[in-house]
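Engineer: model the following, please.
(chains A and B)
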Amino acid sequence: MLTLQILREQTLTVIDGLKKRNLKDAELLVGQILENDKLRRETQGTLDTLKAKLNVDSKKIGELMKGGKADEATALRTAVAADKDKIKILEESLNDFEKRQLDLLYKIPNVPAPIVPSGKSAEDNINVHQHGDTPQLLPDALPHWELIKKYDIIDFDLGIKISGAGFPVYKGKGARLQRALINFFLNEAGNAGYKEMQPPIVVNEASGYGTGQLPDKEGQMYFVNEDGLYLIPTAEVPITNLYRDVILNEEELPIKNVGYTPCFRREAGSWGAHVRGLNRLHQFDKVEIVQVSKPEDSDRILEEMCLHVQGLLEKLELPYRKLLLCGGDMGFNSAITYDMEVFSAAQQRWLEVSSVSNFGTFQANRLKLRYKTQEGKMQLLHTLNGSALALPRIVASLLENNQTPEGIRIPKVLVPYTGFEIIN
RNA sequence: GGAAGGAUGCCAGAGUGGUUGAAUGGGACGGUCUCGAAAACCGUUGUCCGACAUGUCGGACCGAGGGUUCGAAUCCCUCUCCUUCCGCCA
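Structural biologist: Predicted coordinates:
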């Protein structure tokens, strides 16, 4: 969430930024917060003055009691009672202002960075980079949902039997390919200086709030009611929350972590004709890179993370494009997001396989993730993350793009991981 | 699942209801000493909110939330978490 400081000091910038997201009531919301903030501060002022008086009087009563002046003490005691009533009322009112402040802050998305274009939907995203030729397939080329049946490597029906739709079973070389990709991605990140982490894949409520899945997005996560735990929609949640309520030393920065986890998404109401096969699943595998950096470094680091992801796609010989998301298509928490999309030849579609984002202080503010500057000042850090990479759509495009009459060719870089060169 | 104990500052660890934001020790930082270091000695060691002011003043914070009281780290209630033992088990 945005800090009050930003809202107070950069009000117009915030409103302009929010308009890029097509947030309807930007002025209204910001105005409500500032008004509430003003009232909150006034209330606290009078409350603090009263409390200061109470503290002095209490001390005085103590001294009177000690000095054996019980009468005077009793008199003062009755005088204090009136103040206590006032304090109680003011405290309630202060609580209300604080609660309302939080409610309002939760409603406001992050302010898009200056380079983010305004726009309503994916139509308005900007293609900033494209790499690789889209492959020409034979006329009898198959989409991946046919290929996985033909070679018996991913089985949706078995998944339906034991779990439900959107929970495929990977078999034989299909399972092996999954494992190969995960290892490849983890090793590449390790070589790039990321520390490998293996976090839990269920998280508590506080973690959901920390990275911004809660409130409001409960419906997208699986919830274990009995224990109050959420199945993670991405490794971003546990890995970023490792740094909740943490004060880092400047020398530790930037933090670079990578983790592989399964990811769970309910995807309520988002099923349609274009989500066949591996395009959208309830459970999928993903390797995620997460960084925590000083504010002045995060722009550079975002680029670095993008290049890492692009490098992976190039090594896998997949044609891809890099999009700068417009305000209307960005996630709630993000200040800048680049999406990487690979071309899936048989579907003739671009598939999003990675989303690399800089959150600025938006998550850090909720997480209370800070560091102490050399001048000894507490400062919120910046958080960033990106998929590197999400498996299912990578698999879809690998299968489709590399199909030949003899079988599906495995990219050279993966062969040491799979142990085979072709799926046939 | 059963039983018991606990939660205090960066860590360890005190704390009779009334200058306790909190003893003491350790660590870290600064200084003295030294060619340098160690040791020793001296000093510093919070966060959040607010008000005027780039410093001061006020308020809050001893797991969380309530309560009792003129006054709560200290008493009472609820919740959360942790540890240990037993049971079950990968």
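Engineer: contact residues of chain A facing RNA strand B?
Structural biologist: Residues of chain A lying close to RNA strand B (C-beta under 7 Å from any atom of the strand) are A:4, A:37, A:41, A:44-45, A:47-49, A:51-52, A:54-55, A:57-59, A:61-62, A:65, A:77, A:80-81, A:84, A:95, A:370, A:372, A:376, A:378. (Glycine included, C-beta is placed from N, CA and C.)
Engineer: buried subset of those as a ChimeraX selection?
Structural biologist: A single ChimeraX command selects the buried members of those (16 or more other C-beta atoms under 10 Å):
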select /A:37,44,47,61,80,370
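Engineer: just the ones of the residues of chain A next to RNA strand B in helices?
Structural biologist: A:4, A:37, A:41, A:44-45, A:47-49, A:51-52, A:54-55, A:57-59, A:61-62, A:65, A:77, A:80-81, A:84, A:95 (DSSP state H).
Engineer: just the pLDDT at A:G272, thanks.
Structural biologist: On the pLDDT scale, A:G272 is placed at 66.
Engineer: and A:I247, by the same measure?
Structural biologist: The per-residue pLDDT reported for A:I247 equals 88.
Engineer: same thing with the one 10 residues further on?
Structural biologist: A:N257 carries a pLDDT score of 96 in this model.
Engineer: likewise A:D57?
Structural biologist: Checking the pLDDT column for A:D57, the value is 89.
Engineer: and the helices in chain A?
Structural biologist: With helices called from DSSP H, chain A shows them at A:4-9, A:11-20, A:26-66, A:70-107, A:144-150, A:156-162, A:173-191, A:205-211, A:236-241, A:298-315, A:362-367, A:391-401, A:415-418.
Engineer: who wins for proximity to A:S118 among the ones you listed?
Structural biologist: Shortest distance between A:S118 and the helices of chain A, using C-beta to C-beta, is found for helix A:11-20: 3.9 Å.
Engineer: in the stretch 301-424 of chain A, what residue comes closest to RNA strand B?
Structural biologist: A:M378 (3.7 Å; C-beta to the nearest atom of the strand).
Engineer: excluding chain neighbours, give the residue nearest to that residue in space.
Structural biologist: Nearest residue to A:M378 in three dimensions, chain neighbours excluded: A:R370, at 5.0 Å (C-beta to C-beta, 6 or more residues apart in numbering).
Engineer: wait, what's in contact with the residue nearest to A:K86 when sequence neighbours are not counted?
Structural biologist: Of all residues not flanking A:K86 in the chain, A:L50 sits nearest, at 6.0 Å (C-beta to C-beta, 6+ apart). By C-beta atoms under 8 Å, 6 or more residues apart in numbering, A:L50 lies in contact with A:83, A:86-87, A:90.
Engineer: let me know the closest of those residues to A:A346.
Structural biologist: For the contacts of A:L50, the nearest to A:A346 is A:L90 (67.4 Å; C-beta to C-beta).
Engineer: pretty sure the closest one sits against A:L47.
Structural biologist: Yes: using C-beta atoms under 8 Å, A:L90 is in contact with A:L47, at 4.3 Å.
Engineer: thinking again about what came up before, quick check: beta-bridge partners of the residue nearest to A:M378?
Structural biologist: Taking DSSP bridges as the rule, A:R370 bridges to A:I247, A:L380.
Engineer: residues contacting it?
Structural biologist: So A:R370 contacts A:246-248, A:364, A:378-381 (C-beta under 8 Å, 6+ apart).
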